[in-house]
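I would like the atomic coordinates for the input below:
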Amino acid sequence: MSEFQELVKNFDRVRDYIRQFFIYGFKSRNEFDQKSGRTYDNERRRAESWLSAYTHSLYTPRGKQVYIWADSKTIEQNPLYAAWKSKSFTDKDLLLHFFLPELLREESLTAEEISDQMAARWGLAFDSQTVRLKLKEYENNGILYSEKDGRALRYQLTPPLEWESSPLSGKLLTAVSFFQGTAPFGAVGSTIMDLENARNTLFQLKHQFIVHTLDDRILLHLVTAIREQRGIAFTLKREKTEHLRPACGIPLKIMVSTRTGRRFLCLYSTRSKRLTTVRLDMIQEIHLQDPYPDYPKAQAALARNLPACFGISFHGTKRMESITFLLEIDDAKEAYLLERLQREGRGGQITQEGKNRFRYTARFFDTNEIAPWIKTFTGRVLELSGTNDTVISRIKNDWQRMYHMYEEE
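Purely as a prediction, here's the structure:
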């Protein structure tokens, strides 16, 4: 029987289980039926080893339930960055990691010369193909660089960045400290801070969505495809059934929710000839395809249609849906509400209809997306109407139920 290893071989499995613990902490061991119980135990122990300060458990009649709880205001550094720093490695990986820099410190060598020198100096037998693959990996990571010498490639260490001797080094590290907590691929900033033995002692974030770092590998492929104007083929996991289905399209833009931190891919579907959006955490695998010749045309279509989205949806019951509601606002004392209506209204028209009466009118692809925003004005809405009768009725029914719950006897 193989022993438990904290290091990661299959990151997709780690990504799925930690998300389950983080979002669906009410699940018991028996409800994780996609894999064996041993797999569940291994992933649980791995999560507990990384997130010991944030992993909790609860015993219920259904069994032990593991969940992750963290107050973002108290987190110096995203604890889930540990997942990116736990990649498994072999004995040969470890040996080459130390021997290659030693051999290439002062001279450039080919893969064959490196193999010969390791055999002569340390008695290690590495075939040139294994060495060549590791050299190529380190070149892609920027550790080495190569130069053509006839038909062979000669490798040498990339010169170090002498930023520590710069008078701006302290300020740069402060910028890195801010970056690791706020930007995509913050694990890069966290790794730089580890190398400098530095801690984040300056920044606290009220809204820090730590779980979304698990999607950064998918995000890296997507931004590469967008930069190179390529199509993609990917596997999409349905949220409710968890079934997998293949999909493809032309990635155009990454959109991020300011409320939940959830990230969405906006892409053009070449099959349906429509713009659509996909949640990044639902994408399981992704493969880059050939460059798309009509990419500028697809980008232009997005630019035309994006102003008609209240959120991220391009699909409603009709091509465009109208909505209007009348608010009671004291413009003398509550000017901040008018400012908010203007700021958050996504370009909707605001007109005054008498004293303390203001009407908001707009047209969007999907009225359903505007419903939560309308409900934030509960108690001030005097009239509400629109072309999507289903959404309008649901909002009014929710208000009616609320009034019945809270009205005085």
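
what residues sit buried inside the host helix or strand of residue 49?
According to DSSP states H and E, residue 49 maps onto helix 37-50. The neighbour-count check on helix 37-50 (16 or more other C-beta atoms under 10 Å) flags 40, 42-44, 46-48, 50 as buried. No exception for glycine: its C-beta is placed from N, CA and C like everyone else's.

repeat for stretch 253-270
Going by 16+ other C-beta under 10 Å, stretch 253-270 has these buried residues: 253, 255, 262-268.

likewise stretch 345-358?
345, 348, 358.

so which of those are in helices?
Assignment to helices by DSSP state H places none of these there.

got a markdown table for those residues, with pLDDT and distance to residue 105 too?
Converted to a markdown table, the buried residues of stretch 345-358 look like this (pLDDT from 0 to 100; distance: C-beta to C-beta, whole Å):
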| residue | pLDDT | distance to residue 105 |
| --- | --- | --- |
| 345 | 91 | 61 |
| 348 | 91 | 63 |
| 358 | 95 | 71 |
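
now do residue 16 against residue 235, distance only.
13 Å (C-beta to C-beta, to the nearest Å).

quick check: which ranges of the chain have low pLDDT?
1-10, 13, 21-37, 161, 163-164, 239-242, 316-318, 408-409 (pLDDT under 70).

paired strands for the following helix or strand past the helix holding residue 49, with orientation please.
Using DSSP H and E, the helix or strand that follows helix 37-50 in sequence is strand 55-60. Strand 55-60 has the following strand partners under DSSP bridges: strand 63-68 (antiparallel).

next SSE downstream of the partner strand?
helix 91-103.

so what touches that next one?
89, 109, 114, 117-118, 122, 124, 126, 130-131, 134-135, 138, 143-144, 157 (C-beta atoms under 8 Å, 6 or more residues apart in numbering).

sitting in strands, which of the residues you listed do you find?
144, 157 (DSSP state E).

for ChimeraX, what selects the buried ones among the contacts of helix 91-103?
Selection of buried members from these for ChimeraX, criterion 16+ other C-beta under 10 Å:
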select :109,114,118,126,131,134,135,138,143,144,157
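
so which of the contacts of helix 91-103 is the closest to residue 174?
Nearest to residue 174, judged by C-beta to C-beta, of the contacts of helix 91-103 is residue 143 at 25.9 Å.

name every strand pairing with the lengthiest strand in the chain and say which way it goes.
When the chain is parsed with DSSP E, its longest strand is strand 244-256. Next to strand 244-256 in the sheet, as set by DSSP bridges, lie strand 230-237 (antiparallel), strand 263-269 (antiparallel).

touching it from outside, list them.
Contacts of strand 244-256 (C-beta under 8 Å, 6+ apart): 219, 222-223, 225-226, 230-238, 262-271, 275-278, 280, 284, 289, 292, 295, 298-299, 302, 312.

next one: that strand to chain centre, how far?
In terms of C-alpha atoms, centre = their mean, to the nearest Å, the centre of strand 244-256 is found 13 Å from the chain centre.

also stretch 206-219?
From the chain centre to the centre of stretch 206-219 is a distance of 4 Å (C-alpha atoms, centre = their mean).

end to end, how far does that stretch reach?
24 Å (C-alpha to C-alpha, to the nearest Å).

what does stretch 367-381 give?
Using C-alpha to C-alpha, the two ends of stretch 367-381 sit 17 Å apart.

which one of the buried residues of stretch 345-358 is nearest to residue 400?
residue 358 (23.4 Å).

may I have the beta-bridge partners of that closest one?
Those that pair with residue 358 in a beta bridge, by DSSP bridges, are residue 327, residue 352.

just checking, it touches residue 350?
Yes: contact criterion C-beta atoms under 8 Å: residue 358 and residue 350 qualify, at 6.0 Å.

give me the common contacts of those two.
In contact with both residue 358 and residue 350: 338, 341, using C-beta under 8 Å, 6+ apart.

what's the neighbour count on the residue lying closest to residue 134 once chain neighbours are set aside?
Nearest residue to residue 134 in three dimensions, chain neighbours excluded: residue 96, at 4.9 Å (C-beta to C-beta, 6 or more residues apart in numbering). As a burial measure, residue 96 scores 23 neighbours (other C-beta atoms under 10 Å).
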